[in-house]
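**Student:** The following comprises the amino acid sequence and a computationally predicted model.
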Amino acid sequence: MKALKFNGVWRVAPQETPALQCIDPDDVIVAVEVCGLCGTDVGIITGAYAVAVPGTTLGHESTGTVLKIGPAVTRFKVGDRVVINPTYSCGKCRMCLTGNPNHCERKHGTEAGVSYDGAFADQYRAKEDYLIPLDDHVSFEEGALTEPLSCTVTGVDKLNITHTNIRACVIGAGPMGMLYLWSLHLRGVTAFLVEKNAHRYQFAQDVLPEGSHIYTDFEQAMREEYGSDDEMLDLCVDTTGYLSEIVFDRLAPGGKLLNVALKAYTAQLDILKIADKSLSVIGSIDSLNNSFERAYAMIRDGEIPAARLISHSFPFHDYQQAFAMVGCNIAAQQQQPISEPNCKVLLRIASPQEAYL
Ligand SMILES: [Zn+2]
Ligand SMILES: [Zn+2]
């Protein structure tokens with residue numbers, strides 16, 4: 001079978017690997033249909049997020065069809081369509097036992113697309129408990145948004161939103177920014193969006209929730225949304241990492257700043273202000289508290305415009321084109337500005353002839 005291997009920074013290539021077999025009784029081999037590209041993959045390839053083990057197959061946002069089942073599997077049969085939850089946790093370590101399974105201490109060797117062979121491949125070995133049946137009316141492409149949406153559900157949970165009349169913004173109109181915007185919308189909060197890349201802006205402006213506006217500049221957005229230069233904001237989700245200091249200075253008492261950018265960037269924040277204004281600076285990663293199941297339900301029930309957030313679906317062999325679309329030029333070994341309107345970009349693993357667009 002084919003698998004897209006990470007062999008070191010900028011060294012990514014498809015390789016022929018042996019077909020997978022069930023090892024544990026609860027193993028399920030899934031024939032991967034679709035796998036989404038994620039900022040994490042880009043960070044791994046470029047070396048900006050140095051977490052992956054060389055030799056590992058990339059990819060963790062996927063759906064597929066059950067191909068083989070282990071003897072203890074009871075809830076799935078061969079041919080079932082499934083969504084794969086890639087975030088394994090042991091349930092026994094200190095992090096798992098203190099309510100932080102997304103930081104399981106046994107992640108090494110179990111983290112899909114990082115230290116465990118991921119889903120940019122014909123087959124993926126899952127555990128029965130980490131699969132959700134994909135309803136007939138949900139496409140493989142839509143289902144592949146479950147994992148990134150689950151991360152935003154976790155982040156929004158952490159914001160502990162108690163009022164819907166708050167002033168909120170999301171920085172960055174990539175897939176995470178768009179999913180945050182929609183997740184906040186579903187909790188009754190209308191946020192404005194800031195995106196300085198013209199192509200991401202162009203794509204996003206047609207997929208905004210009712211009442212949300214998009215701007216290229218944060219300060220301009222504050223002025224236009226609230227009428228003057230000294231108005232304050234209650235909540236910000238920064239998916240880029242680069243506006244932390246600017247946004248922090250505009251937080252109203254009780255304000256919350258959620259950072260979800262895996263970027264090597266250091267910000268200076270005023271400790272006195274954090275105390276004096278009861279501010280919260282929060283981080284969030286991965287899935288928690290059944291966010292994966294809740295995210296899937298949001299897609300299944302049409303609460304999130306999943307299909308509209310998918311801008312491109314490339315066949316597996318065009319993986320370089322797919323990564324170039326999100327600014328990761330593997331052939332040239334360099335990052336490049338996004339130069340076409342896009343949001344979620346997928347690789348169609350199983351049948352290139354059925355490409356989504
Ligand atoms: Zn991801
Ligand atoms: Zn654990």
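**Tutor:** Nice, thanks for sending it over. Ligands and ions are numbered 1, 2, ... in the order given.
**Student:** Please report phi then psi for whatever residue of the stretch 1-150 of the chain ends up closest to ligand 1.
**Tutor:** Across the stretch 1-150 of the chain, the shortest distance to ligand 1 (C-beta to the ion) belongs to Cys38, at 3.0 Å. Every residue, glycine included, has its C-beta placed from N, CA and C. With angles defined as degrees, to the nearest 10, Cys38 sits at phi -130, psi 160.
**Student:** Next: the one 4 residues further on.
**Tutor:** Taking degrees, to the nearest 10, you get phi -60, psi -40 for the backbone angles of Val42.
**Student:** Quick check: Leu235 vs Leu159, distance?
**Tutor:** Noted for Leu235: a distance of 6 Å to Leu159, by C-beta to C-beta, to the nearest Å.
**Student:** Could you pull out the residues contacting both of the two?
**Tutor:** Contact criterion C-beta atoms under 8 Å, 6 or more residues apart in numbering; residues shared by Leu235 and Leu159: 256, 258.
**Student:** Count the residues that sit near the residue of the stretch 1-150 of the chain closest to ligand 1.
**Tutor:** 23 (other C-beta atoms under 10 Å).
**Student:** mind listing what it touches?
**Tutor:** Applying C-beta under 8 Å, 6+ apart, the residues near Cys38 are 60-61, 148, 175.
**Student:** what's the pLDDT at it?
**Tutor:** Here, the pLDDT recorded for Cys38 equals 95.
**Student:** rewinding a little: quick one: which of the contacts of Cys38 has the most company?
**Tutor:** Glu61 (32 neighbours).
**Student:** beta partners of the nearest residue to that residue once chain neighbours are set aside?
**Tutor:** Nearest in space to Glu61, with sequence neighbours left out and distances taken as C-beta to C-beta, 6 or more residues apart in numbering, is Gly36 at 3.5 Å. For Gly36, the beta-bridge partners are Leu346 (DSSP bridges).
**Student:** Ala144 is in contact with Gly36, correct?
**Tutor:** Yes: in this structure, Gly36 is within contact of Ala144 by C-beta atoms under 8 Å, at 4.7 Å.
**Student:** any residues in contact with both of these two?
**Tutor:** Common neighbours of Gly36 and Ala144 (C-beta under 8 Å, 6+ apart) are 61-62, 346.
**Student:** which element is the residue lying farthest from the centre of the chain on?
**Tutor:** Most distant from the centre of the chain: Ser228, at 34.2 Å, with distances by C-alpha atoms, centre = their mean. Remark: Ser228 resides in no helix or strand, with elements defined by DSSP states H and E.
**Student:** okay but Pro175 is in contact with Leu149, surely?
**Tutor:** No: Pro175 is not in contact with Leu149 according to C-beta under 8 Å; the separation is 9.2 Å.
**Student:** And for the closest residue to Thr46 other than its chain neighbours, the neighbour number?
**Tutor:** What sits nearest to Thr46 in space, not counting adjacent residues and going by C-beta to C-beta, 6+ apart, is Gln335, at 5.9 Å. Gln335 has 14 neighbours, counted by other C-beta under 10 Å.
**Student:** roughly how far apart are Gln335 and ligand 1?
**Tutor:** 18 Å (C-beta to the ion, to the nearest Å).
**Student:** May I have the beta-bridge partners of that residue?
**Tutor:** Cys328.
**Student:** for it, what are its contacts?
**Tutor:** Contacts of Gln335 by C-beta under 8 Å, 6+ apart are 42, 46, 327-329.
**Student:** who wins for neighbours among those residues?
**Tutor:** Cys328 (25 neighbours).
**Student:** my guess is that residue contacts Ile44, does it?
**Tutor:** No: Cys328 lies out of contact with Ile44 (C-beta under 8 Å); the separation is 10.0 Å.
**Student:** check contacts around Tyr180.
**Tutor:** Contacts of Tyr180 by C-beta under 8 Å, 6+ apart are 152, 155-156, 170, 191, 237, 239, 260.
**Student:** near ligand 2, from the residues you listed?
**Tutor:** The overlap between the contacts of Tyr180 and the neighbours of ligand 2 (C-beta under 5 Å from the ion) is empty.
**Student:** and the residues you listed, which of them are in strands?
**Tutor:** 170, 191, 237 (DSSP state E).
**Student:** from those residues, which single one is nearest ligand 2?
**Tutor:** Using C-beta to the ion, the ones in strands among the contacts of Tyr180 come closest to ligand 2 at Val237, 27.0 Å.
**Student:** The one helix or strand Tyr296 maps to near ligand 1 at all?
**Tutor:** Using DSSP H and E, Tyr296 sits in helix 291-300. No: residues of helix 291-300 are not located near ligand 1 by C-beta under 5 Å from the ion, the shortest gap being 12.1 Å.
**Student:** Sort out which residues of that helix are buried, please.
**Tutor:** 291-292, 294-300 (16 or more other C-beta atoms under 10 Å).
**Student:** Just give me how far the longest helix belonging to the chain sits from the chain centre.
**Tutor:** Using DSSP state H to define each element, the chain has its longest helix at helix 146-159. With C-alpha atoms, centre = their mean, to the nearest Å as the basis, helix 146-159 stands 9 Å off its chain's centre.
**Student:** Stretch 195-211 now?
**Tutor:** For stretch 195-211, the distance to the chain centre is 18 Å (C-alpha atoms, centre = their mean).
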